[in-house]
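Asks: Sharing a model prediction with you, sequence too.
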Amino acid sequence: MLLHIFSEAYDHFKYALEKVQAGRASWLLSPLYNQLCFTSAEMAEYKRAFKYYHIIEALHKEDNSRELDIFEYYNTSMNLFYFIGDFERADEFGKLVVEFNKGRDNMYSDSAITYQKLHLLRNAPPEQLKKIIFNLLELVEKIPHNTFNIKVITTALVVLSERGYYSLTSNLCKKLGELFTDKTPDALKARYFYFLGTKDSSKKSIYYLKQGLKLAKRGENRELIARILMVLGEYAFKAEKWYCAANYYLDSTELVKSLVEGVPKQYQLTYVNNNHYAKGFIGLERTYNWISEEQHILTYKEKGKQDQLSQEDLNRFLAKDYVSAFLEHQDFMEYIREQHMKKYSKEIRTAQDILPKVGPNTIKNINMLLHYLTGITLASRGIIITENQKEELAVLSTTDGNRELPQNRYMINLVHDTREAVILGAKEQKLEPKGLQSIMCIPINQNHGISKPSILGYIYLETDLLVNNFNEAGVEKCKEVMGFLATILEQHQLKLSASIDKLTGTLTRKYLDDALLEAIDDRGTFQYRHVRSR
C-alpha cells in the first residue's frame, strides 16, 4: 500500500528528527524537515506538510544555509506547490532546481522538467501536444523511479482526456503497461482506472470508475477518491439520476472539505480550482436546488464557467452544511436505503423476510444475516467475529472477503467489557483505515440456558458513507434479528462439536432445535441492552 509506505517513512524520519534534536547533529535538521514535508504532502496531510515547510523557509533565510540545503528547499518547494495545484509556483522552483543542477544530468533535474512538461500539457495548443507527449516519454525513460513515472503518465493521460484528446493517449498507455507489475500499489492502479473512466459517461466508463474507486479506497488515496466520486456524480446528473448524483457529490465534496482544511487559507482557492474540485461543489449545489425545487440561478452559470469558483463561492460552499440538508430529505434517504439494500441484501428487506430464506447450511444463514445488517445500517463493510472461551477472536463471515481482524481492537475490547453496542464517529476519534465515517460494534450474546449472558462474538460494521444509519435507530434494527443470529451462531458452533462426538451431537441437536424454535417465536422481542455511543 503506497500510503502505508509513506506513513512508515514519515514515522522513521520523525523518530530520526527527535534523536537529532536531542543531540548535536544540527546539520541533519534541514534534510529531515524536507523529508517530513515531502512525505506529509504525498499523503495529502497538507497542514502537517506546511508546518514543516515554514520551518524550512525560516532555515533557508538564514545566511549560513549550506548549498545542499538550498537545493533541498527548491526541490521540496517544487513538489509541495505541485501537489496543491499551484503549478505556476511549482514551475518557478522547478527552474531553480534545473539551474542548480546545470551541467549535472540527474533525476532531480529530469523530475523538475517533467513537472514543467505536465504543466504545458494543461494549456498548450493542440499542435504542440504530440511533441510534449514525446518529451514526457523521453524523460520517463531516463528517470529510474517506477512510482514517479506511473504518476507522471497517469496524470498526462487524465489531462489529455479532460481536454478531449483521448486519441493522443495510445503511446502513453503502452508505456504504462510496461511499468505496471504485480507489485504496483493499488493507489497507482486506481489512477489508470480513473483515466479510463473519464472518456465518456458510458456503462463501461462507470465500471472503470467504480473499479478505480475500490482500489483508491484500498490505497487510502483521499484525493483520488474525491475525484472519482465527483465524476460519478457528473455522469449520474447527465443521466438525470438526481438522488444518485447528490449522493456521489455529497461524499466527494465533504472529502474535499476535509482536505481543504489542511491547506493554508491563501492557497485553498488554487487547490480547489486547479485540481478541478470546483465541479463537485457546483454539481452538488445544482443537484440540491433541483431536489429542493429552488429556482436559483447559480453564480458559475452567470460567469459561464463550469469548473472555477471565486473566493466568495468557495467560502459559501465550505460554510454550508449540505449533509444535514440531505439527511432531512425523506425521498433522498429512502432512495439511498433502497440502493444499499439492493447491493447487499436484495431478497431480505425486513426481519420478517429472513425466516423463509433460512436453510440447513449455517454458514449461508450467517452470511445472509450479515449482508442484511450491512444493508439496513448503510455499512460499507460487515464482519462477524467469533470469540471462544479463551477470548480468542476469529473472523467467521465478511462481506468483502477480507478475513483479517479489524485494526480497531479498542472497539471490540470496549464492547467485550460493557456488553453494549458502541458507535464511534470520525469526529470523535481518528478512525483507521482512513476515510471511514463511523464504526459500529455490537455483541452477539448467548442468552439460552445461562443466568449471565456470555459473548459468542461481535457484529463489526464500518462505513465510509456520509449518509448512514450508524445511530440508535440502526442498532434497534439490528436488535430485531440479534437473538436469531445468536441462535444460528450457536447452531453452527454446536454442529462443529457434533461432528467430533456423536453422543454430543445427539444432545446438542435437541438443545439447538429448542433454542431455534424459541428464537423464531420471540424474534421480535429479544432482550438486548441499549446502545451507548462513545
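Replies: Now that the structure is in, tell me what you want to look at. Numbering: from 1, shown residues only.
Asks: quick one, phi psi at Lys102?
Replies: Main-chain dihedrals, Lys102, degrees, to the nearest 10: phi -60, psi 130.
Asks: number of nearby residues for the closest residue to His60 other than its chain neighbours?
Replies: Closest residue in space to His60, ignoring its immediate chain neighbours: Tyr73 at 4.5 Å, by Cβ to Cβ, 6 or more residues apart in numbering. In short, each C-beta sits where N, CA and C put it, glycine included. Neighbours of Tyr73 under the rule other Cβ atoms under 10 Å: 24.
Asks: The helix or strand encompassing Tyr73: what's the following helix or strand?
Replies: Using DSSP states H and E, Tyr73 sits within helix 67-83. Next along the chain after helix 67-83, taking DSSP H and E as the criterion, comes helix 87-100.
Asks: average pLDDT across the next helix-or-strand element following that following helix?
Replies: Counting by DSSP H and E, the element after helix 87-100 in chain order, helix or strand, is helix 107-123. Helix 107-123 shows a mean pLDDT of 94.
Asks: What are the buried residues along the helix or strand following helix 107-123?
Replies: For helix 107-123, the following helix or strand on the C-terminal side (DSSP H and E) is helix 126-142. Applying a neighbour-count criterion of 16 or more other Cβ atoms under 10 Å, one finds 129, 132-133, 135-137, 139-140 buried in helix 126-142.
Asks: so how far is the helix or strand just after helix 126-142 off the chain centroid?
Replies: Sequence-wise, the next helix or strand downstream of helix 126-142 (DSSP H and E) is helix 146-162. Relative to its parent chain, helix 146-162 has a centroid offset of 21 Å by Cα atoms, centre = their mean, to the nearest Å.
Asks: same question, stretch 477-493
Replies: The gap between where stretch 477-493 is centred and where its chain is centred comes out at 31 Å by Cα atoms, centre = their mean.
Asks: Please apply the same query to stretch 111-129.
Replies: 30 Å.
Asks: cool, and stretch 190-203?
Replies: Computed by Cα atoms, centre = their mean, the chain-centroid distance of stretch 190-203 equals 18 Å.
Asks: Show me which residues of that stretch are buried.
Replies: For stretch 190-203, the neighbour count (16+ other Cβ under 10 Å) marks 190-198, 201 as buried.
Asks: ok, Phe13 - contacts?
Replies: Phe13 is in contact with 32, 35-36, 39, counting by Cβ atoms under 8 Å, 6 or more residues apart in numbering.
Asks: quick revisit: if you look at the buried residues of stretch 190-203, which of them are in helices?
Replies: Among the buried residues of stretch 190-203, DSSP state H puts 190-197 in helices.
Asks: now the closest residue in space to Leu176 that isn't next to it in sequence: how far from Gln407?
Replies: Residue nearest to Leu176 in three dimensions, not counting chain neighbours: Ile153, with 4.9 Å by Cβ to Cβ, 6+ apart. According to Cβ to Cβ, to the nearest Å, Ile153 and Gln407 sit 33 Å apart.
Asks: Of the two, give the one with the bigger neighbour count.
Replies: Ile153 (25 against 10).
Asks: ok now do the more buried one, which residues does it touch?
Replies: Residues near Ile153 by Cβ under 8 Å, 6+ apart: 136, 140, 172, 175-176, 179.
Asks: Can you give me the neighbour number for Leu259?
Replies: 21.
Asks: Asn146 too?
Replies: The burial count for Asn146: 15, using other Cβ under 10 Å.
Asks: swap in Lys183?
Replies: Per other Cβ under 10 Å, the neighbour tally for Lys183 reads 6.
Asks: Repeat that for Leu80.
Replies: Leu80 sits with 25 neighbouring residues when counted by other Cβ under 10 Å.
Asks: For it, which non-adjacent residue is spatially closest?
Replies: Using Cβ to Cβ, 6+ apart, the nearest residue to Leu80 is Ala41, at 5.2 Å.
Asks: again, but for Gly457
Replies: Leaving aside its sequence neighbours, Gly457 sits nearest to Thr386 (Cβ to Cβ, 6+ apart; 4.1 Å).
Asks: Surely that neighbour and Leu396 touch.
Replies: Yes: in this structure Thr386 lies within contact range of Leu396 using Cβ atoms under 8 Å: 4.9 Å.
Asks: Any stretches of the stretch 1-150 of the chain with poor pLDDT?
Replies: Counting by pLDDT under 70, the stretch 1-150 of the chain shows low-confidence ranges at 1-4, 63-65.
Asks: which residues does Asn471 contact?
Replies: By Cβ under 8 Å, 6+ apart, the contact set of Asn471 is Ile423.
Asks: An error on my part: the question was meant for Arg337.
Replies: 376, 378, 469.
Asks: can you do 10 Å?
Replies: By Cβ atoms under 10 Å, 6 or more residues apart in numbering, Arg337 lies in contact with 349, 375-376, 378, 467, 469.
Asks: Relative to Gln491, how far out is the residue nearest to Gly457?
Replies: Counting by Cβ to Cβ, the gap from Thr386 to Gln491 is 13 Å.
Asks: joint contacts of those two?
Replies: Counting by Cβ under 10 Å, 6+ apart, the residues touching both Thr386 and Gln491 are Ile366.
Asks: Does Glu391 belong to a helix, a strand or coil?
Replies: When classified by DSSP: H, G, I helix; E, B strand; the rest coil, Glu391 comes out as coil.
Asks: Then the one 3 residues further on?
Replies: Assigned with three-state DSSP, Ala394 falls in the strand class.
Asks: Pull the number of nearby residues for it.
Replies: Neighbour count for Ala394, taken as other Cβ under 10 Å: 12.
Asks: and it, how far is that from Pro406?
Replies: Plainly put, Ala394 is 12 Å away from Pro406 if you go by Cβ to Cβ.
Asks: Which neighbours do these two have in common?
Replies: Residues touching both Ala394 and Pro406 by Cβ under 10 Å, 6+ apart: Ile385.
Asks: measure the closest residue to Asn101 other than its chain neighbours to Phe81 for me?
Replies: In space, and not counting its chain neighbours, Asn101 is closest to Ser109: 4.3 Å by Cβ to Cβ, 6+ apart. Distance of Ser109 to Phe81, computed by Cβ to Cβ: 18 Å.
Asks: and if you look at Ser258?
Replies: Distance, Ser258 to Phe81, using Cβ to Cβ: 21 Å.
Asks: And Asn273, by the same measure?
Replies: 14 Å.
Asks: Name the residue in the two with the higher neighbour count.
Replies: Phe81 (23 against 19).
Asks: Verify the stated contact: the more buried one with Asn75.
Replies: No: using Cβ atoms under 10 Å, Phe81 is not in contact with Asn75, being 11.3 Å away.
Asks: what sits in contact with each of the two?
Replies: Residues touching both Phe81 and Asn75 by Cβ under 10 Å, 6+ apart: 93-94.
Asks: Which segments of the protein make up each domain?
Replies: Using automatic domain parsing, the domain ranges for the chain come out as 188-328, 348-521.
Asks: looking at those domains, which one has the lowest mean pLDDT?
Replies: Looking at the domains of the chain, the bottom one is domain 348-521 with a mean of 82.
Asks: what distance separates that domain from the centre of its chain?
Replies: Centroid separation between domain 348-521 and its chain, computed with Cα atoms, centre = their mean, is 25 Å.
Asks: Could you do stretch 70-82 as well?
Replies: On Cα atoms, centre = their mean, the centre of stretch 70-82 falls 28 Å from the chain's centre.
Asks: Could you do stretch 232-240 as well?
Replies: For stretch 232-240, the distance to the chain centre is 21 Å (Cα atoms, centre = their mean).
Asks: residue boundaries of the strands in the stretch 351-500 of the chain?
Replies: In the stretch 351-500 of the chain, the strands defined using DSSP state E, counting those that start in this stretch lie at 381-387, 393-398, 422-425, 438-446, 454-463.
Asks: now the fourth one against strand 454-463, angle please.
Replies: Okay, so that is strand 438-446. Per axes from the mean of the first three to the mean of the last three Cα atoms, to 10 degrees, the angle that strand 438-446 makes with strand 454-463 is 160 degrees.
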